[in-house]
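Student: Fold the following, please.
(chains A and B)
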Amino acid sequence: MSTFSSLNTAYSGLAAAKAGIDVVGQNISNVGTDGYTRQRLNTSSVPGATRAGMFSVGVAPGQGVAITGVARLGDASLDAALRAASASSGYASVRADTLSSFEESLNEPGSNGLSAGLHDFWAAWQAVSNQAGDPAPAGALLGSAATLTARLSTIYRGVQSQWGTTRASVDSMVSDVNAAAKQVAELNVRIRQSQLAGDPANELLDQRAQLTTSLAAAVGGTVRDAGDGTVDVLVGGNPLVTGGTARAIAASGSAVLEGASADPVTLSWVDHPGVPLTLQGGRLAGALSVLAPADGQGRGGMLAEAAASLDSFAVTLAGQVNAVHRTGVTASGATDASFFGFDPGQPAALGLHVIPTGVDGIAAAAPGAGGKNGTVADQISGLGAGAGSPDSVWASFVVGIGTASKSEQQQADLAELGRTSAENAQLSQSSVDLDEENTSLIALQHAYQAAARVMTTIDQTLDTLINHTGTVGL
Amino acid sequence: MITRITSQTQLRHAQSALYDSLAQLTATQDKATSKQNISRPSDDPTGTANALAVRSSQSANAQYTRNATDGNSWLTMVDSSLSSVEAIMQRVRDLTVKGANDGSMSPTAKDALASELDGLKENLLSLANTQLLGRNVFAGTSSDAVAFRPDYSYTGTAGDSVQRRISQDATVRVDGDGAAIFGVGSGSVFALIDQISSDLRSGTNVAPRLAQIDDRMTAVLAQHAVIGGAENQVQRAQNDLSGQSVSLEAQRSSIEDVDLGSVILELQTRRTNYQAALYVTAQALPPTLMDFLR
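Tutor: Sure, this is the predicted structure:
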């Protein structure tokens, strides 16, 4: 043990305390940084030097402190839990938002909804029945029928535009995912290089954890640690990111609701175009489930199913009214006249229109009765009541949407609750606590002062040895 | 695992608690200002189904009420016309009885009787062609201008009547059956009066015609009774419908509208909660160790 080694020991204490203060400083500076994970200086004591030589006797103390690294106090399992919760929350929230804005557009129950339009329509037929052959109630009937078809087509167009918006959001989400995957791959490379060179990579790790969480919220998937500092991101069982390589995904399929059944919206890998990609969670999976085509049993994509229901409502309404209307005689004596018609090449709900343009086209009278007879009009006005009537078809559609929206909303709330609690658990582990940092700061400050004190003591001791040895009594 | 509380998680907790509190306050405020329990189907799917059904019944009820009012005006018109018809028939019968006194009546007097009968017949014919808002009330659903043409032929179709729907499965006949009341063509009351007046002019005894007049009066009275019955039915229906409309509105309101008292109480509670949350947050947040280190 050399004379000056104690000075070095004191210096290592100074250096460790200084480095500790630096880490505390970094923590406090980033107290508000999103995704920052608190860090701690890891140190270990240095044992005494191994003795060599014949005259080395006695005990030797340790040689100070060594800085072994700066640890990032994250928790991989909490990060994974947050990613899983983000994926299911992303999926549920897209579905709940879509249904909730669709049911807003229905305006039910209320005086602006389609059901109110139906009530007016049936009442207008009664008025026609009371004053058959009169232009005034006939005009009112045609007006209320036009309002009814306009409301139906407005709702249908709402579904179309919602589908289109969701479709566009799929494209932008896909490009976000591809960009995030590319960034994760780049970070993988930098982290591997830093770790090989022994440089700190904690801040890069924070950035990568944030990106993988946002990837999970978008496409679900799992993150696997490859062991060399890089992570692999797996989506639908296939790697999206492996080490420094990122693959790209692409969305294909119809851009409009009408084409969805012939050409459904799907995801695939850019480097394997034919292979479909099935997602387990995330906003993109939610959007794709919303865009799926109708399956004829009510279990397809919610927007396509809603559009199909609107179409079948239009067909029911037109079919029932026309069936009775055809039995009547118009003011001009014509029989077998239809009241509602469909534009060819258009969805039924959009193409539904009123054929008569005036009182002459309305078949209110029963055949063989007088010109002012309104029996058929009265029969049509009675179509609104009973099972299978357009009113009950519409009511069950509205109630179905309401029930579905309520349950989707509850699922989304639950998933969001899960995500929040996962995020809180993750943050409680990784976030910076100012009290804790302040305490460390005080401890480190004292450690620094004490190490300096040790150095001063050694200095004074050596001063005694060097300058005062042999000067007795002077 | 013991949850580590840091200033950041504490802040987040406080923030999310404030957010929840404010969200509840806003939801209650919406409810209080819109006064609607169900503003969208998912608020209460079952309630929505009931609300749609009640609104449908309300709309039907309103239309039946309009139908009944319209039917009532038809029946009132028919009723008053028939009263006039009966008065005229009575006068016709009186004149015929007078004309049957062959011995005491001079041909001039009989001629005067015949002229008055001609006038009465014109009155009857115009009563038979009574119109309401452009429709003949005694011609069923005919679209002709008159119920009885000058040759006494009837323009209505047999068995085709004017009906008003006063409930989902009940209709009421609101027109007078012209054929039954006045008779048709040569069997009509007009032809009968013409016959009497020509008999008077030609000096034939009109006494045998009295039985025919009585038959006709019986027919008119019978139809008048039918109209009276229909009027009763319509008025009962009007009472029922107005009662139903009140109870339907009460049903709709109980489903769709909020109980204002309870919602205002709820609003006040939530507002107090929010203020308390704000106050507590303001008190709890600031202190860190820094505040005490000097």
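
Student: When you work out contacts or count neighbours from here on, use the C-alpha atoms and nothing else.
Tutor: OK.

Student: Next secondary structure element downstream of the strand or helix carrying residue A:428?
Tutor: Using DSSP states H and E, residue A:428 sits within helix A:390-430. Downstream of helix A:390-430, the next assigned helix or strand under DSSP H and E is helix A:434-468.

Student: what's that next one packed up against?
Tutor: With contacts taken as 3 or more C-alpha pairs under 8 Å, 6 or more residues apart in numbering or on different chains; DSSP states H and E, helix A:434-468 sits against helix A:5-29.

Student: quick one: is the helix it packs on near chain B?
Tutor: No. Shown here: helix A:5-29 not in contact with chain B (C-alpha under 8 Å from any C-alpha of the partner chain), separated by at least 11.4 Å.

Student: and that helix, how far out from the chain's middle?
Tutor: How far helix A:5-29 lies from its chain's middle: 44 Å, per C-alpha atoms, centre = their mean, to the nearest Å.

Student: Next, the buried residues of that helix.
Tutor: Buried residues in helix A:5-29, counted by 16 or more other C-alpha atoms under 10 Å in any protein chain shown: A:6-7, A:9-21, A:23-24, A:27-28.

Student: domain ranges for chain A?
Tutor: Structural domains annotated on chain A: A:5-73+A:433-468, A:79-303+A:392-425, as defined by automatic domain parsing.

Student: how much space between residue B:285 and chain A?
Tutor: Separation of residue B:285 from chain A (C-alpha to the nearest C-alpha, to the nearest Å): 13 Å.

Student: OK, contacts around that residue?
Tutor: For residue B:285, the contacting residues are B:10-11, by C-alpha atoms under 8 Å, 6 or more residues apart in numbering or on different chains.

Student: What distance do you get for it to residue A:33?
Tutor: Look at residue B:285 and residue A:33: by C-alpha to C-alpha, to the nearest Å, they are 19 Å apart.

Student: Enumerate every residue touching the closest residue to chain B within chain A.
Tutor: Closest to chain B within chain A is residue A:402: 3.9 Å, counting by C-alpha to the nearest C-alpha. Residue A:402 makes contact with A:103, B:40-45, according to C-alpha under 8 Å, 6+ apart.

Student: For it, which non-adjacent residue is closest in space?
Tutor: Nearest non-adjacent residue to residue A:402, counting by C-alpha to C-alpha, 6 or more residues apart in numbering or on different chains: residue B:42, 3.9 Å away.

Student: ok so the one you found is a strand residue?
Tutor: No. According to DSSP: H, G, I helix; E, B strand; the rest coil, residue B:42 belongs to no strand; its state is helix.

Student: where in the chain is pLDDT low?
Tutor: You didn't say which chain, so I picked chain A. Within chain A, the ranges that satisfy pLDDT under 70 run A:1, A:51, A:54, A:56-57, A:473-474.

Student: I was thinking of chain B, sorry if that wasn't clear
Tutor: Filtered on pLDDT under 70, chain B yields the residue ranges B:1-2, B:286-287, B:294.

Student: 80 instead, please
Tutor: For chain B, the stretches flagged by pLDDT under 80 are B:1-3, B:7-8, B:102-104, B:158-159, B:284-294.

Student: For chain A, give me its nearest residue in it.
Tutor: At 3.9 Å from chain A, residue B:42 is the closest residue in chain B, using C-alpha to the nearest C-alpha.

Student: What is the burial count for that residue?
Tutor: With neighbours defined by other C-alpha atoms under 10 Å in any protein chain shown, the count for residue B:42 comes to 26.

Student: Same question for residue B:255.
Tutor: If you count neighbours by other C-alpha under 10 Å, residue B:255 ends up with 19.

Student: helix, strand or coil for it?
Tutor: Using three-state DSSP, the structure places residue B:255 in helix.

Student: Wait, it touches residue B:47, no?
Tutor: Yes. When contacts are counted by C-alpha atoms under 8 Å, residue B:255 is listed as touching residue B:47 (6.2 Å).

Student: okay, and the common contacts of these two?
Tutor: With C-alpha under 8 Å, 6+ apart as the test, residue B:255 and residue B:47 both reach residue B:38.

Student: which residues of chain A fall in strands?
Tutor: Ranges of strands within chain A are A:39-45, A:65-72, A:222-225, A:231-235, A:238-242, A:245-246, A:249-252, A:266-269, A:340-342, A:352-354, based on DSSP state E.

Student: I misspoke; the intended subject was the stretch 151-294 of chain B.
Tutor: Secondary structure of the stretch 151-294 of chain B (DSSP state E, counting those that start in this stretch): strands located at B:163-167, B:170-173.

Student: Would the helix ranked longest in chain A count as contacting chain B?
Tutor: Ranked by residue count and defined by DSSP state H, the top helix of chain A is helix A:135-197. No. Taking C-alpha under 8 Å from any C-alpha as the criterion, helix A:135-197 and chain B are apart, separated by no less than 12.5 Å.

Student: Please identify the buried residues of the helix or strand where residue B:33 lies?
Tutor: Taking DSSP H and E as the definition, residue B:33 sits inside helix B:7-34. Residues B:7-11, B:14, B:17-18, B:21-22, B:24-25, B:28-29, B:31-32 are the ones in helix B:7-34 that count as buried (16+ other C-alpha under 10 Å).

Student: can you count the residues close to residue B:96?
Tutor: Residue B:96: 26 surrounding residues under other C-alpha under 10 Å.

Student: Quick check: it touching residue B:204?
Tutor: No. With contact defined as C-alpha under 8 Å, residue B:96 does not count as touching residue B:204 (11.9 Å).
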